[in-house]
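Undergrad: Just to be clear, the model below is a prediction. Sequence and coordinates:
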Amino acid sequence: MLYPLKFNPILKDKIWGGQKLKTLLNKESDLPNVGESWEISDVEGDTSIVSNGSLKGKSLKELLETYKADLIGEKNYKVFGNKFPLLIKFIDAKEDLSIQLHPNDELAAKRHNSFGKTEMWYVMQSDEDSNLIVGFNQDMDAKKYLHHLENKTLPEILNFDKVKAGDTYFIEVGRVHAIGAGVMLAEIQQTSDITYRVYDWDRVDDQGNERELHNDIAIDAFDFNMPDNFRVNYTKEENKSNQMVSCPYFTTSYLQVSKTLKKENKQDSFIIYMCVEGNAEITVNGKFESIKKGETVLLPAAIKDYEITSKKATLLEVYV
């Protein structure tokens, strides 16, 4: 019998990472600079392992092979088979991430045998005057972009947005972007680890080495004609799923819970809950699983009726 599943976080040491995932989200790690916590992952070499209940110790891959559509839904299983379609993360940027972008499905499949990497960000916490970099601050084309890249003046043409908790961004493939220093956020994305790094602030690691850049292949991945539609406006009505982003790859809603909600899964999909504030209980067939800030729960598609109870919790609700 399937039940609400939790997984061991896969923690990643990053040159730009910090301590917030440990101090604010209670992630246990000896890594010096924890930049990412992969909450649910089917990326090759980084497959999530169940941490609760009778399936504890099983990998997400094993669950897919065993439960198939009962885990992810009939329509998803027809499309993805034994591949889980989403990668779910918490990210802490103590320093600026590299300026980067991601290829679309077609390019990623051709070059890397991978999905593309459409993603969204929900800002959980930000230090004063912290920024996200998304898109350009002026009309752009390949010639102008390459001129600034070659002259190391790329930051002059980038769009810097000051952010606060609750700000949400939708990052389509082909759009240049970076998480700025001081920002901790939740990230929902296609299952892909393909990133084209185009500028890394001229920084070096402990051995004096610069990180690899991908400018030779990145130029083909740019879409220079994208509108500035990356900021997400959404309502925050309590005890109701408020849709934030809906795209072919995922739908995410904002859910603030202050009582017991009876929920029904009509999506023919798994549902993921990321707790970004407070704590809650998810009850299925009289048995409950707790979820607190910084935790993630996967509800298999076979679970159709459940309850969420909290005095005060904010959840991101995600399905495909």
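TA: Arrived safely, thanks for sending.

Undergrad: Tell me which residue is most central in this protein.
TA: The structure's the chain has its C-alpha centroid closest to Glu187; by C-alpha atoms, centre = their mean the separation is 2.1 Å.

Undergrad: Which pLDDT value goes with that one?
TA: For Glu187, the model assigns a pLDDT of 98.

Undergrad: could you point out the longest strand in the chain?
TA: strand 271-284 (DSSP state E).

Undergrad: Restricting to C-alpha, output that one in CSV.
TA: Output in CSV follows, covering the C-alpha atoms of strand 271-284 (Å, rounded to 0.1, in the frame of the first residue of the first chain):
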residue,chain,number,x,y,z
ILE,A,271,1.4,15.5,-5.8
ILE,A,272,4.5,17.0,-4.1
TYR,A,273,4.3,19.2,-1.0
MET,A,274,7.3,21.4,-0.1
CYS,A,275,6.9,23.0,3.3
VAL,A,276,8.3,26.6,3.1
GLU,A,277,6.9,27.8,6.4
GLY,A,278,5.4,26.2,9.6
ASN,A,279,4.4,22.6,9.9
ALA,A,280,1.5,20.4,9.0
GLU,A,281,0.2,16.8,9.0
ILE,A,282,-0.9,14.9,5.9
THR,A,283,-3.4,12.1,6.8
VAL,A,284,-4.2,9.2,4.5
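
Undergrad: Tell me where this protein has helices.
TA: 20-23, 60-67, 69-72, 74-80, 105-112, 142-150, 215-218 (DSSP state H).

Undergrad: Would you tell me which one of the ones you listed is buried the most?
TA: Each of the helices of the chain was scored by mean neighbour count; the highest is helix 69-72, a mean of 21, by mean count of other C-beta atoms under 10 Å. Every C-beta, even on glycine, is put in place using the N, C-alpha and C of the backbone.

Undergrad: Would you check that Val43 makes contact with Gln190?
TA: No - applying C-beta atoms under 8 Å, one finds Val43 not in contact with Gln190, separated by 10.6 Å.

Undergrad: Tell me the residue in the protein that is farthest from the middle.
TA: Asn151 (32.3 Å).

Undergrad: Would you check how far apart that residue and Lys266 are?
TA: 54 Å (C-beta to C-beta, to the nearest Å).

Undergrad: Surely Lys89 and Thr191 touch.
TA: No - using C-beta under 8 Å, Lys89 and Thr191 do not qualify as a contacting pair, with a distance of 11.3 Å.

Undergrad: Specify which residue of these two has the higher count of neighbours.
TA: Lys89 (23 against 20; other C-beta atoms under 10 Å).

Undergrad: Now do the same contact list for that one.
TA: 36-39, 186-187, 189 (C-beta atoms under 8 Å, 6 or more residues apart in numbering).

Undergrad: Determine which two of those are furthest apart.
TA: Greatest spatial distance in the contacts of Lys89: Ser37 and Gln189, 13.8 Å, computed using C-beta to C-beta.

Undergrad: before we move on, back to that, need the overlap of contacts for Val43 and Gln190.
TA: Shared contacts of Val43 and Gln190, counting by C-beta under 8 Å, 6+ apart, come down to Leu87.

Undergrad: So the two - more neighbours on which side?
TA: Taking other C-beta under 10 Å, Val43 and Gln190 do not tie; Gln190 has more neighbours (23 against 15).

Undergrad: Quick check: that one vs Phe80, distance?
TA: 11 Å.

Undergrad: Check His112 too.
TA: On the measure of C-beta to C-beta, His112 and Phe80 end up 17 Å apart.
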